[in-house]
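Participant: task: produce atomic coordinates for the following.
(2 chains)
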2 protein chains.
Amino acid sequence: MELQEALHRLEDVQRKLFAYNSAANALYLDGVTVAPKDTAEGRGVALGVLAGERHKIMTDPALAETLAFLEQHKGELDRLHARQVEELGRSVRQITRIPAEEFMAYAMLTNEADDVWHRAKECSDFELFRPVLEKLVEYNRKFAEYYDPDKAPYDALLNEYERGVDMAYLGDFFAVLRSKLVPLIKAVGAKPQPDDSFLHRTYPVQAQREFSDYLMRVLDLDRAHCGIGETEHPFTLNFTSQDVRITTNYKVNDVASSLYSVIHEGGHARYELDVDPQVEYTCLAGGVSMGVHESQSRFYENIIGRSLPFIKAIFPKMQELFSEQLADVTAEDFWRAVNRAEPSLIRIEADELTYCLHIMVRYEIEKALIGGTLEVKDVPETWNRLYKEYLGVDVPDDAHGCLQDSHWSGGSFGYFPSYALGSAYGAQMLRNMEAEMDVWGPVGRGDLSAVTAWLKEKVHKYGCLKTPAEIVQNACGDFDPTAYTDYLTKKYTELYGL
Amino acid sequence: MELQEALHRLEDVQRKLFAYNSAANALYLDGVTVAPKDTAEGRGVALGVLAGERHKIMTDPALAETLAFLEQHKGELDRLHARQVEELGRSVRQITRIPAEEFMAYAMLTNEADDVWHRAKECSDFELFRPVLEKLVEYNRKFAEYYDPDKAPYDALLNEYERGVDMAYLGDFFAVLRSKLVPLIKAVGAKPQPDDSFLHRTYPVQAQREFSDYLMRVLDLDRAHCGIGETEHPFTLNFTSQDVRITTNYKVNDVASSLYSVIHEGGHARYELDVDPQVEYTCLAGGVSMGVHESQSRFYENIIGRSLPFIKAIFPKMQELFSEQLADVTAEDFWRAVNRAEPSLIRIEADELTYCLHIMVRYEIEKALIGGTLEVKDVPETWNRLYKEYLGVDVPDDAHGCLQDSHWSGGSFGYFPSYALGSAYGAQMLRNMEAEMDVWGPVGRGDLSAVTAWLKEKVHKYGCLKTPAEIVQNACGDFDPTAYTDYLTKKYTELYGL
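Facilitator: Numbers count the residues shown, from 1 in each chain, chains lettered A, B, ... in the order given. Below you'll find the predicted structure:
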């Protein structure tokens, strides 16, 4: 094989994967936005075929051969091609380790599990979900062994979601969080809560839509390259760095809901739009990992979006759009209301302070399930016990407990910790940012350009040109969870007058 | 090869083609509805890869082998599989006759041509479009030779759009139209025109949207399986018989525009939704040809939608939604206004009576271009001469003349006649329908169920289980263009008191 021919094949296969990904994205987006209600079947058939084709491409021996050839000629490759070979080679090896019939059976299982989970959650019946969850855990334990037989199974899975992260890393991280946050949450709980009733007045959807348009301008999201839609659950989806979509959900009686969805998804979009176009149509396109992605979305949502300077900057626009609803409210009132912290039952509704405790419950349970020290049948009891222990709340039923999230039904074990890591990375980025420049002056004038430029330079532009660990090192330095606990301590001390 | 194995391969390849088609549909739909403005590039790359993959599947020698094997065992196949082998075999043979590199070069050319045509139309500059059109004509003459060297080139192309139709067939058809319609149009032109100014009052888009919802109920289009969106140019797109989308375009100062778009596209959708689900995910799914499809859309739009009984049935709803705008208007006024006929310049804005003359101009030009008796450089002059001759109008510039349609830039030569054929087929279906049942009584009550049931039984349910010619025979009997001219003569005699 000639080097040029091998590089041509490499480009060709990456464009194919891009096309399959775009196709799946478009079908998915259609399904959750405009598709008529009873049309899932045909979309499911199409998506199934495309996933099968993708699997065939990835497990084609000719691709493995091309990649092996290019690995042998690594010295002759430029940085871009070298990274492509590294990343695609890794993906190919991981997927090839799973026997094709197990891969297909698992795809069918997660498809079924999604349906079963929805029904189980609806009637709050864990027993309905249990048999499927048992199979999912069993498969994931097996896959962990395929991925890396030298690692503990849960470590092997963690490594798939956030390369380089393992239980030792997370154990240290969560220990710091536990030791600092539990007393902080207790201190906050002893203080009177701010009034947030005005957030739940009637906010007409049309005015909220205009507000979203405004927020996208503040985040400098170019509407010629970034669309906004409406779905039940907000998300971000990227076709290319020139074509990103976010969605939100408007609640008439909750103005903060869409406000922070737009900023959160806007943070994800900001990342995708800022990736260097030279990696377009390759396996290096897009954000590098879930953890780094969440570091960006949560940075914009919480660190910027829930800060007093930012709220002061956008408050005039809010008062213009919601003049009646906010007539008796100040920017500071609003700031206090959207930062109201108290232990609760539902992760996705949790505040910035208690959020990580929700993650830690899931981490403990996943670790034990995949580690083989917890049986699936004991999940509800363990869940409820840990919620009581970490958050001090009583779980009334499984719908508000261990059935609340879709992750496990989708086969994702090892994914949750990324949310907490992302939050911590973001706080450490803020510390570094503050050391280098004036963050809050411009933010207080509604000008995020310097913040975005810093993040683009340190994180966004690389796409997958660096590994997640390299990106974290680049933007944070050595990981130090106390940056996060310090940030939260300072913020909530100020908010609650501790 | 075993028969079962061959049938399994046949099913497999058809599901793949379905998936690629769904993917292309979803990407296209996204592109023309919600996609941000400057995102065409990535979509283009994805669609290009998918088209290439589809071409590979269709030209794979293993598929040809499977089909050849199944053709040899035709006697052992059920009707469904026999038709699949017939249709897919035909498509494979036609596509395989075009050398792969020519196929790809042509795909790139049409892609470029679309862009050039848009620019040429914008500045009404035929010279800009001429070189591309020359290449397109040249390719199509070559492809015609590949498709069927025994046929005249234009006959070979016509056969690709509407199997069984050729210049002899169309020559007879258009001769009848010309002899009957030209005097009819002249007679209409001598009469005073009805007032249609009230169609152009201000009709708020939101009320027009509600009106579309109502029309979809009248057409019995199940919203759980049929969506409606908004695009610049209305169209119908089908994923499966359970998932069809139509689009419309609301004009504040033209209530008839969306009204008839919704009924026209609704007719296409009605057809797709009524196809027997047993052909789902195969090459027999969907409507059988452009001509038969247009027969349905134009049947609902013109024959039903512009009839006095139908307008009387929907008029109360219109007066409810547009009470001010239609306060001084009767159903009969409305009927006269939406049937106002006069020669004009633009095909897509033409009335039912003069429409076919627009098609005949295009037919004459295509026939001569592909036949080699007209040079591309002479198209504008010929176009203008024929518009004067057939319609009596002076073409002021090429934007309102030979640059108005996108078909040629998309490489479609031989497509236009289907519009005229569809109109004529529909009129003949009406004649047969009227002979068998009471059409206008139920329509006058807004009840289209009997009409739709008749069309489903005679046309829709077959999908591609029969050939276009068989469907026409089934619903119309032997083709008789005088059914169409009689229908128009009767209608316009009544409208204009001839």
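Participant: does the residue nearest to the spatial centre of chain A sit in a helix or strand, and which one?
Facilitator: Centroid-nearest residue in chain A, with CA atoms, centre = their mean: residue A:294, separated by 4.5 Å. Element membership for residue A:294 (DSSP states H and E) is helix A:290-298.
Participant: skipping its backbone neighbours, what lies nearest the residue nearest to the centre of chain A in space?
Facilitator: Counting by CB to CB, 6 or more residues apart in numbering or on different chains, residue A:294 lies nearest to residue A:422, which is 2.7 Å off, once chain neighbours are set aside. No exception for glycine: its C-beta is placed from N, CA and C like everyone else's.
Participant: and the strands in the stretch 101-250 of chain A?
Facilitator: According to DSSP state E, counting those that start in this stretch, the stretch 101-250 of chain A carries its strands in the segments A:226-230, A:236-240, A:243-248.
Participant: I'd like those as a markdown table, with distance to chain B appended.
Facilitator: What follows is those, written out as a markdown table (distance: least, CB to the nearest CB, whole Å):
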| stretch | distance to chain B |
| --- | --- |
| strand A:226-230 | 5 |
| strand A:236-240 | 4 |
| strand A:243-248 | 4 |
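Participant: show me where the stretch 101-250 of chain A has its helices.
Facilitator: Counting by DSSP state H, counting those that start in this stretch, one finds helices in the stretch 101-250 of chain A at the ranges A:126-147, A:153-161, A:167-189, A:205-218.
Participant: quick one: the longest one to helix A:153-161, angle?
Facilitator: Translated: helix A:167-189. 80 degrees (axes from the mean of the first three to the mean of the last three CA atoms, to 10 degrees).
Participant: helix A:167-189 - contacts with which helices or strands?
Facilitator: Applying 3 or more CB pairs under 8 Å, 6 or more residues apart in numbering or on different chains; DSSP states H and E, we find helix A:167-189 packed against helix A:153-161, helix A:355-371, helix A:417-436, helix A:482-496.
Participant: for stretch A:373-380, how far is the first residue from the last?
Facilitator: 15 Å (CA to CA, to the nearest Å).
Participant: which outside residues touch it?
Facilitator: Among residues not part of stretch A:373-380, those counted as contacts by CB atoms under 8 Å, 6 or more residues apart in numbering or on different chains are A:126, A:130, A:133, A:134, A:137, A:365, A:368, A:369, A:382, A:398, A:401, A:402.
Participant: quick check on those residues: which are buried?
Facilitator: In terms of neighbour count (16 or more other CB atoms under 10 Å in any protein chain shown), the buried residues within those are A:126, A:130, A:133, A:137, A:365, A:368, A:369, A:382, A:398, A:401, A:402.
Participant: ok, back up a step: is it true that the residue nearest to the centre of chain A touches residue A:416?
Facilitator: No. Counting by CB atoms under 8 Å, residue A:294 does not reach residue A:416; the two are 10.7 Å apart.
Participant: residues in contact with stretch A:27-47?
Facilitator: Stretch A:27-47 has contacts (CB under 8 Å, 6+ apart) with A:24, A:50, A:111, A:229-232, A:237, A:245, A:247, B:15, B:18-19, B:22-23, B:26, B:29-30, B:33-34, B:223-227, B:229, B:239-240, B:242-243, B:245, B:280-281.
Participant: return a PyMOL selection command for the buried portion of the residues you listed.
Facilitator: The following PyMOL selection, which keeps only the buried ones among the contacts of stretch A:27-47, applies the criterion 16+ other CB under 10 Å:
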select buried, (chain A and resi 24+50+229+237+245+247) or (chain B and resi 15+18+19+22+23+26+29+30+34+225+226+227+229+239+240+242+243+245+280+281)
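Participant: what does the residue lying closest to residue A:143 once chain neighbours are set aside show for phi and psi?
Facilitator: Among residues not flanking residue A:143 along the chain, residue A:98 sits closest, at 6.1 Å (CB to CB, 6+ apart). As for residue A:98, its main-chain torsions (degrees, to the nearest 10) stand at phi -90, psi 120.
Participant: what angle do the strand or helix carrying residue A:335 and helix A:482-496 make?
Facilitator: When secondary structure is defined by DSSP H and E, residue A:335 falls within helix A:331-338. Calculated by the same axes, to 10 degrees, helix A:331-338 forms an angle of 120 degrees with helix A:482-496.
Participant: which secondary structure elements does the lowest-mean-pLDDT helix or strand in chain A contact?
Facilitator: Considering only helices and strands, the least confidently modelled element of chain A by mean pLDDT, DSSP states H and E is helix A:100-122, at a mean of 92. The contact analysis (3+ CB pairs under 8 Å, 6+ apart) places helix A:100-122 against helix A:40-58, helix A:126-147.
Participant: sorry, back to before: out of the contacts of stretch A:373-380, which touch chain B?
Facilitator: Contacts with chain B within the contacts of stretch A:373-380, counted by CB under 8 Å from any CB of the partner chain: none were found.
Participant: and the helix holding residue A:294, what does it pack against?
Facilitator: For helix A:290-298, the helices and strands in contact under the criterion 3+ CB pairs under 8 Å, 6+ apart are helix A:255-274, helix A:417-436, helix A:468-476.
Participant: in the helix or strand following that helix, what's buried?
Facilitator: Proceeding C-terminally, helix A:290-298 gives way to helix A:308-321 as the next helix or strand, assigned by DSSP H and E. Judged by neighbour count (16+ other CB under 10 Å), helix A:308-321 contains these buried residues: A:308, A:309, A:310, A:311, A:312, A:313, A:314, A:315, A:317, A:318, A:319, A:321.
Participant: looking at those residues, which is nearest residue B:78?
Facilitator: residue A:321 (63.7 Å; CB to CB).
Participant: show me the contacts for the closest one.
Facilitator: The contact partners of residue A:321, by CB under 8 Å, 6+ apart, come to A:207, A:210, A:211, A:214.
Participant: which parts of the helix holding residue A:294 are buried?
Facilitator: Judged by neighbour count using 16+ other CB under 10 Å, the buried positions of helix A:290-298 are A:290, A:291, A:292, A:293, A:294, A:295, A:296, A:297, A:298.
Participant: can you put the residues you listed in JSON lines and add distance to residue A:38 and pLDDT?
Facilitator: As requested, the buried residues of helix A:290-298 are arranged in JSON lines below (distance: CB to CB, whole Å; pLDDT from 0 to 100):
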{"residue": "A:290", "distance to residue A:38": "32", "pLDDT": "94"}
{"residue": "A:291", "distance to residue A:38": "37", "pLDDT": "96"}
{"residue": "A:292", "distance to residue A:38": "38", "pLDDT": "97"}
{"residue": "A:293", "distance to residue A:38": "33", "pLDDT": "97"}
{"residue": "A:294", "distance to residue A:38": "34", "pLDDT": "96"}
{"residue": "A:295", "distance to residue A:38": "39", "pLDDT": "98"}
{"residue": "A:296", "distance to residue A:38": "37", "pLDDT": "98"}
{"residue": "A:297", "distance to residue A:38": "33", "pLDDT": "98"}
{"residue": "A:298", "distance to residue A:38": "37", "pLDDT": "97"}
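Participant: tell me the secondary structure of the closest residue to residue A:407 other than its chain neighbours, please.
Facilitator: The spatially closest residue to residue A:407, leaving aside those adjacent along the chain, is residue A:415, at 5.5 Å (CB to CB, 6+ apart). At residue A:415, secondary structure determined by DSSP: H, G, I helix; E, B strand; the rest coil is coil.
Participant: pull the contacting residues for residue A:415.
Facilitator: By CB under 8 Å, 6+ apart, the contact set of residue A:415 is A:161, A:290, A:407.
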